[in-house]
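Participant: Sequence plus the predicted model coming up.
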Amino acid sequence: MLSEETIIFITFLLAIIGYTGLTTVLLLSLKRKVPFLFWRIVAAIIFVHVIMVWTYRYDWQFSLAVRNGYSGFIIFHTALLMILFSTFAKESTAKILIRISFIVVTIGALGASFRYDVVAIYRLPVMLCALAGGGGLLWGYFRKRFLG
């Protein structure tokens, strides 16, 4: 049986792997087609992370999941659904869902890395992903808007 410390480590290691994958897919999708096989693997990692949080952090208790408020719960679970739906959506729809979910997940990941000690170790990688993905989104917007 794994220790609680090991389970927590794996749970949040999956989170940063998933967020790095989300950032990578976002950046790749700005220039070319969504790499769906890779994206499905990343989405599975993200899903396993969420299942582990529900299992080991919330003990499947809704009251623990909403202890910081219903709005965050709804927003982040909606982002999870967008991630999962985007893995089987048409390319144009998938790109929109990936972009929106990246923004939502980035807000949550940045906030969590500064608020919770358990994920503070991931603060630098989260900031780097946020900068890379945010920069990519801005580059894509300005390229489309001003360069046609």
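Facilitator: All right, it came through fine. On a predicted model such as this, the values are computed, not experimentally measured, just so you know. Numbering: from 1, shown residues only.

Participant: Look up phi and psi at residue 88.
Facilitator: phi -120, psi 10 (degrees, to the nearest 10).

Participant: Centre of the chain to the host helix or strand of residue 19, how far?
Facilitator: Using DSSP states H and E, residue 19 falls within helix 4-31. Relative to the centre of its chain, helix 4-31 is centred 7 Å away, using C-alpha atoms, centre = their mean, to the nearest Å.

Participant: Now do the helix or strand that that helix is followed by against helix 4-31: the angle between them, please.
Facilitator: Once the chain leaves helix 4-31, the next helix or strand it forms, by DSSP H and E, is helix 36-52. Going by axes from the mean of the first three to the mean of the last three C-alpha atoms, to 10 degrees, helix 36-52 is angled at 150 degrees with respect to helix 4-31.

Participant: oh, and call the first residue 270 from now on, that's how I've got it
Facilitator: With 270 as the first residue, the last one maps to helix 305-321.

Participant: Just name whatever secondary elements the helix or strand following helix 305-321 is in contact with.
Facilitator: Once helix 305-321 ends, the next helix or strand along the chain (criterion: DSSP H and E) is helix 331-334. Here helix 331-334 touches no other helix or strand, going by 3 or more C-beta pairs under 8 Å, 6 or more residues apart in numbering; DSSP states H and E. All C-beta spots, glycine's among them, are computed from the backbone N, C-alpha and C.

Participant: Report the buried residues of helix 331-334.
Facilitator: residue 334 (16 or more other C-beta atoms under 10 Å).

Participant: what sits up against it?
Facilitator: Applying C-beta atoms under 8 Å, 6 or more residues apart in numbering, the contact partners of helix 331-334 are 323, 326-327, 342.

Participant: what's the model's confidence in that helix, averaged?
Facilitator: Helix 331-334 shows a mean pLDDT of 94.
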